[in-house]
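>>> dropping a prediction and its sequence here:
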Amino acid sequence: MKFGPKRVRASDQLVKDVLAQVTPEVIAELQSLRKEVHSLRESKRFEIQKLSRVLGDAWTKPTSAKADKLLLDDPVWGQIVIDKELANLFGHPLVQRLNYIRQLSFAYLAFPGATHSRMSHSLGVCRLAERALTTVFRNNVIYTEGGLEKIDLSLEQREEMVLKAKTAALLHDLGHAPFGHALDRFIGFLDPSKDPMPYPDKYYSGLYLTKYLGEAIPEGLDLENLKAILAHDGSLKGWDTFVSDLIDSSLDVDRMDFLARDAHMSGLSMGFNCAEALIERVCPFRIDDQIYLTFQDSCLPYVGDLLFARETMYLNCYEHPKKLAAERIFTRLVQNLKEENQLSIEEIILLTDEQVLALLGVTAIGSQENTGLLEALLQNIHYDLVYEIGLDRGENTAAGQWSRARDRAGMGRHVYVDLPSQWEKEITLAAKLKQAESWRVLVLVPDHKTSSPPGLPARVIQSTVTGYAATAILKVSQSLLNQLKYAGEPRRRIRVFADSRLGRGQLDLIRTASANILGEG
């Protein structure tokens with residue numbers, strides 16, 4: 001019979017004897033090492049803080065004025081013109097920063113061609129805004145309840161209106177954080193003491209315009225007026241309302257550009273290609289002192305094409321699993337960067353994609369979680385979708401409770417920031433992974449826009465006995481209403497991803513743990 005070696009447990013007296021042999025010099029050395037480690041951490045934090053401010057400051061200091069007209073080639077629309085009046089604004093570093101913000105965040109991990117920038121998109125919106133207004137002025141009619149009227153604007157006023165629209169278009173994405181919409185939920189709901197910002201880029205666009213771009217605005221345009229146009233302010237009057245609708249509404253030139261551009265650059269052939277058809281059907285409609293963006297009723301087939309393209313792009317590109325997983329990894333890295341180095345969210349937002357990745361590389365040193373996350377992001381490590389649950393799967397599920405909670409006031413940070421992190425840790429422990437391996441589990445929750453089915457408040461012109469009326473497009477077209485009925489349904493779910501390098505048994509444990517924690521078990 002074989003016997004294994006006996007385990008010998010140290011007696012309390014033996015432990016005391018050993019501790020008694022630890023000299024005061026050893027204790028002092030350990031305390032010195034602890035202080036040194038703390039000092040190194042403080043030094044690293046200080047260097048990251050200093051570097052982030054230096055990098056951000058590069059975008060806020062104006063350069064010498066650029067006064068030349070620019071002709072730019074564009075793969076989607078051909079030629080784009082930056083007028084001499086816009087050249088100074090275009091050359092400002094804060095506007096040029098958009099060259100270094102990817103339009104589709106991490107979609108390039110699945111679609112290698114989708115590396116286009118926020119700048120290319122903003123220029124496309126510029127071009128379509130100019131095209132829409134010149135078409136309206138060429139037609140030279142405005143629709144009213146009393147009939148058709150000629151547009152009562154001089155040539156100089158029309159040129160100013162086009163310049164205003166192009167300026168607003170160039171600036172409409174100015175406030176985007178690194179990697180576009182990737183950080184929207186984190187930024188918008190981070191501080192529970194402040195009102196939530198469902199669209200943080202709009203807030204920061206207005207802030208940057210006021211704080212940094214006052215002297216770069218084209219002569220003759222009013223800074224506060226531009227802010228109101230970008231904010232879709234209800235106090236706007238006349239043609240300013242029309243320009244605001246043109247840049248930001250349910251059938252705006254912003255959507256027309258990004259659906260066409262994103263499809264082209266990603267290589268997806270199902271994108272929108274009817275922008276010109278819709279622009280030719282734009283109708284200015286006046287009620288009292290407001291002029292609204294409306295369309296001829298012959299636009300309906302092209303609107304249907306836009307809605308189909310939007311939903312198809314969401315399913316195939318905007319919510320591609322690889323893109324979603326990368327955005328969650330990036331959000332966790334940025335949250336750690338902010339908290340570990342005491343950075344303000346404003347300092348992070350001002351950075352570009354490559355700048356924030358550089359900071360993430362520095363802060364990952366010495367952190368197993370940050371190193372694991374950053375390597376997974378940079379090496380394009382695949383994360384498997386191991387579990388998903390719809391928000392309508394029952395009131396007793398965590399998913400159902402989450403869905404109800406997000407509609408309550410003051411719950412934004414809890415549902416969009418804290419709960420995903422909490423669930424990642426709970427699933428990690430329940431799946432018997434080490435706590436330090438929580439970076440291998442990702443929980444993604446839907447954004448705020450999925451709380452209700454998408455609407456379409458756009459209006460079409462219809463003839464009346466006395467003139468014209470602007471009617472909600474969904475009251476005119478039952479087919480468009482049916483098309484929207486189930487739009488967004490695939491996005492109304494909570495998803496769990498896991499590092500594909502884990503073994504099959506571990507992935508199964510994560511799947512089971514996710515079902516127990518988020519679902520009905």
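Received the coordinates, thanks.
>>> the chain: strands as residue ranges?
Assigned by DSSP state E, the chain shows strands spanning 70-74, 78-82, 141-144, 147-150, 282-287, 290-296, 383-390, 441-444, 459-463, 468-472, 493-499.
>>> tell me what the third one is packed against?
Counting contacts by 3 or more CB pairs under 8 Å, 6 or more residues apart in numbering; DSSP states H and E, strand 141-144 is packed against strand 147-150, strand 282-287, strand 468-472. All C-beta spots, glycine's among them, are computed from the backbone N, C-alpha and C.
>>> and for the nearest residue to H264 once chain neighbours are set aside, the neighbour number?
Of all residues not flanking H264 in the chain, V76 sits nearest, at 5.5 Å (CB to CB, 6 or more residues apart in numbering). V76 has 22 neighbours, counted by other CB atoms under 10 Å.
>>> need the phi and psi values for V76.
As for V76, its main-chain torsions (degrees, to the nearest 10) stand at phi -100, psi -50.
>>> next: T60.
According to degrees, to the nearest 10, T60 has phi -100, psi -10.
>>> grab the nearest non-local neighbour of it.
Y212 (5.2 Å).
>>> ok, now how distant is that neighbour from R97?
11 Å (CB to CB, to the nearest Å).
>>> count of neighbours near S105?
S105 has 23 neighbouring residues, counting by other CB under 10 Å.
>>> surely it touches A177?
No: using CB atoms under 8 Å, S105 is not in contact with A177, being 10.0 Å away.
>>> do a quick rundown of the helices in the stretch 351-500 of the chain.
With helices called from DSSP state H, counting those that start in this stretch, the stretch 351-500 of the chain shows them at 353-363, 368-378, 398-405, 412-413, 419-430, 473-476, 478-485.
>>> show me which positions of the second one end up buried.
I take that to be helix 368-378. Using 16 or more other CB atoms under 10 Å as the test for burial, helix 368-378 gives 369-370, 372-374, 376-377.
>>> ok, stretch 133-142 next?
So stretch 133-142, judged by 16+ other CB under 10 Å, has buried residues 133, 136-137, 142.
>>> want to throw the residues you listed into JSON lines with distance to A228 and pLDDT?
Output for the buried residues of stretch 133-142, formatted as JSON lines (distance: CB to CB, whole Å; pLDDT from 0 to 100):
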{"residue": "L133", "distance to A228": "18", "pLDDT": "97"}
{"residue": "V136", "distance to A228": "21", "pLDDT": "97"}
{"residue": "F137", "distance to A228": "22", "pLDDT": "97"}
{"residue": "I142", "distance to A228": "21", "pLDDT": "96"}
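>>> redo these as CSV? Include distance to G361.
Formatted as CSV, these follow (distance: CB to CB, whole Å):
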residue, distance to G361
L133, 45
V136, 50
F137, 51
I142, 56
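>>> just give me the closest of the residues you listed to I510.
Set against I510, the nearest of these by CB to CB is L133 (53.6 Å).
>>> dump the residue contacts of that closest one.
By CB atoms under 8 Å, 6 or more residues apart in numbering, the contact list for L133 reads 158, 161-162, 165, 243, 246.
>>> of those residues, closest to P93?
Nearest to P93, judged by CB to CB, of the contacts of L133 is A165 at 23.5 Å.
>>> A326 contacts L109, correct?
Yes: between A326 and L109 there is a contact at 5.7 Å, judged by CB under 8 Å.
>>> in terms of neighbours, single out the busier of these two.
Using other CB under 10 Å as the criterion, A326 and L109 rank with A326 on top: 25 against 17.
>>> the more buried one and D353, how far apart?
Distance, A326 to D353, using CB to CB: 12 Å.
>>> tabulate the helices of the stretch 351-500 of the chain (TSV), appending mean pLDDT and distance to S122.
Formatted as TSV, those follow (pLDDT from 0 to 100; distance: least, CB to CB, whole Å):
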stretch	mean pLDDT	distance to S122
helix 353-363	94	16
helix 368-378	94	26
helix 398-405	86	34
helix 412-413	87	28
helix 419-430	95	31
helix 473-476	90	27
helix 478-485	83	28
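>>> deepest of these, which one?
helix 412-413 (a mean of 22; mean count of other CB atoms under 10 Å).
>>> show me what it is packed against.
helix 184-189.
>>> contacting residues for Y143?
Y143 makes contact with 283-286, 294, 461, 467-468, 470, according to CB under 8 Å, 6+ apart.
>>> mark which of the residues you listed are buried, thanks.
Buried residues within those, counting neighbours by 16+ other CB under 10 Å: 283-286, 294, 461, 468, 470.
>>> okay, now the unreliable bits of this structure?
Filtered on pLDDT under 70, the chain yields the residue ranges 1-41, 65-66, 271, 450-454, 520-521.
>>> from the centroid of it, which residue is nearest?
Nearest residue to the geometric centre of the chain (CA atoms, centre = their mean): H181, 1.1 Å.
>>> what sits closest to that one if chain neighbours are left out?
Distances taken as CB to CB, 6+ apart place S105 nearest to H181, at 6.4 Å, with adjacent residues excluded.
>>> rewinding a little: residues contacting the residue nearest to T60?
Shown in contact with Y212 (CB under 8 Å, 6+ apart): 60, 62, 92, 94.
>>> and which of the residues you listed is nearest L315?
Lowest distance from L315 to the contacts of Y212 (CB to CB) belongs to L94, with 34.3 Å.
>>> turn the helices of the stretch 351-500 of the chain into TSV, including distance to R127.
Shown next, in TSV, are the helices of the stretch 351-500 of the chain (distance: least, CB to CB, whole Å):
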stretch	distance to R127
helix 353-363	24
helix 368-378	34
helix 398-405	40
helix 412-413	36
helix 419-430	39
helix 473-476	25
helix 478-485	27
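>>> identify whichever of those lies nearest to L128.
Of all those, helix 473-476 sits nearest to L128, with 19.5 Å by CB to CB.
>>> and for the closest one, what's in contact with it?
With CB under 8 Å, 6+ apart as the contact definition, helix 473-476 has outside contacts at 295, 297, 300, 303, 455-456, 458-460, 462, 480-481, 484.
>>> filter the residues you listed down to the buried ones, PyMOL style.
To isolate the buried ones among the contacts of helix 473-476 in PyMOL, judged by 16+ other CB under 10 Å, type:
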select buried, resi 295+297+300+303+456+458+459+460+480+484
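>>> any chance of the contacts of helix 473-476 in CSV, plus distance to P490?
Formatted as CSV, the contacts of helix 473-476 follow (distance: CB to CB, whole Å):
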residue, distance to P490
F295, 28
D297, 30
L300, 25
V303, 21
G455, 18
L456, 19
A458, 24
R459, 28
V460, 29
Q462, 34
L480, 19
L481, 19
L484, 14
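>>> same list (the strands of the chain) but as a markdown table, adding distance to F258.
Formatted as a markdown table, the strands of the chain follow (distance: least, CB to CB, whole Å):
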| stretch | distance to F258 |
| --- | --- |
| strand 70-74 | 13 |
| strand 78-82 | 15 |
| strand 141-144 | 28 |
| strand 147-150 | 33 |
| strand 282-287 | 18 |
| strand 290-296 | 18 |
| strand 383-390 | 26 |
| strand 441-444 | 22 |
| strand 459-463 | 22 |
| strand 468-472 | 24 |
| strand 493-499 | 24 |
